[in-house]
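Colleague: predicted model and sequence follow; I will ask about them next.
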Amino acid sequence: MKFSYASSRDEHVLSVCEEKSVLHIGACDSPYTQRKLNENLLLHVKLSGVTENLLGIDIDEKAIEYLNAEGINDVCFFDMNRLGDLDFFPDVIILGETIEHFVNFESVFENIKRIMKPHTRLLISTPNAYYISNFKNSLLGFESNHPEHTAAFTPRTLEYMLEVNGLKVEERVATFLNRKKERINKKLKKKALSRFPLLCETLLYSCKLT
């Protein structure tokens, strides 16, 4: 299983989406919408600066209203179960830090595949269960996970889950989420882990239809 390394998830995603039509699922990054917008960390805003066409969808109505009030009008309420009805034809679909919140993976990918063409790329990112800090935390007696996560993926289990749902992985990237400030120990950790990608914070896979 071959991995490339990117020190920043967002920068890699932006490079893939440049001058493309992009559908961003979970664009509000709720419940962190306001904080991320204020700290210039909201991926959707970054995408608006590089894409040719951009549409964000979400189900958090309050977060959507907040973004609209801030002048971000390319995010709308839309149920993923109705993706086949969406009048938008993306080159790239982004499903970032979202899959770990779902229960029925088969339903999720069946709906996504309804709007995928042979050329469409699905970018999916999720926390890496093998992240080195997870092992340290377990030795200290606690788990660092979002309370609403329903699953944790290793590199192999993520790939298998995508394969059985009709998607072929074309690129695997080991990376890290962006943060407002990085302490020196974080920078050193990222540099060291560039040699050990299976221990990085985030898995980012690029897929197409099988």
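Modeller: Alright, I've got the coordinates. Every value quoted in this text rests on a predicted model; they were computed, and no experiment measured them. Numbering: from 1, shown residues only.
Colleague: tell me the centre residue of the protein?
Modeller: G96 (1.4 Å; CA atoms, centre = their mean).
Colleague: ok, for that residue, nearest residue in space, not its chain neighbours?
Modeller: S125 (4.8 Å; CB to CB, 6 or more residues apart in numbering). Glycine gets a C-beta too; all of them are placed from N, C-alpha and C.
Colleague: so what's the residue nearest to the centre of the chain scoring on pLDDT?
Modeller: At G96, the model reports a pLDDT of 96.
Colleague: mind checking how far it is from H44?
Modeller: 10 Å (CB to CB, to the nearest Å).
Colleague: ok, back up a step: and the gap between the residue nearest to the centre of the chain and A27?
Modeller: 9 Å.
Colleague: need the overlap of contacts for those two.
Modeller: Shared contacts of G96 and A27 (CB atoms under 8 Å, 6 or more residues apart in numbering): L43.
Colleague: re the thing from before, need the contact list for the residue nearest to the centre of the chain.
Modeller: Contacts of G96 (CB under 8 Å, 6+ apart): R9, V13, H24, G26, L43, L123, I124, S125.
Colleague: which one (most neighbours) among those?
Modeller: H24 (28 neighbours; other CB atoms under 10 Å).
Colleague: from what I can see that one touches L47, true?
Modeller: Yes - with contact defined as CB atoms under 8 Å, H24 reaches L47; the gap is 6.2 Å.
Colleague: what's across from the residue nearest to G96 in the sheet?
Modeller: G96, L204 (DSSP bridges).
Colleague: can you list residues touching both of H24 and L47?
Modeller: L54, I94.
Colleague: secondary structure element for F142?
Modeller: Assigned by DSSP states H and E, F142 falls within no helix or strand.
Colleague: what's the local residue count around it?
Modeller: Around F142 there are 8 residues (other CB under 10 Å).
Colleague: and what of E100?
Modeller: Other residues close to E100 by other CB under 10 Å number 18.
Colleague: now the phi/psi pair for the spatially closest residue to it that is not a sequence neighbour, please.
Modeller: Computed as CB to CB, 6+ apart, the closest residue to E100 that is not its neighbour in sequence is H149, at 4.7 Å. Per-residue torsions, H149: phi -70, psi 140 (degrees, to the nearest 10).
Colleague: wait, K117 touches F89, no?
Modeller: Yes - with contact defined as CB under 8 Å, K117 counts as touching F89 (7.3 Å).
Colleague: circling back: so who does the residue nearest to E100 touch?
Modeller: H149 touches E100, H101, P127, counting by CB under 8 Å, 6+ apart.
Colleague: gap between it and N104?
Modeller: Counting by CB to CB - H149 and N104 are separated by 15 Å.
Colleague: just V45 next, same as before
Modeller: 30 Å.
Colleague: what stretches of this protein score poorly on pLDDT?
Modeller: Residues of the chain meeting the criterion pLDDT under 70: none.
Colleague: residue ranges of the strands in the chain, please?
Modeller: 4-5, 21-25, 53-58, 75-77, 92-96, 121-127, 167-175, 202-209 (DSSP state E).
Colleague: which one of these has the most crowded surroundings?
Modeller: Of all the strands of the chain, strand 21-25 carries the top mean neighbour count, a mean of 24, counting by mean count of other CB atoms under 10 Å.
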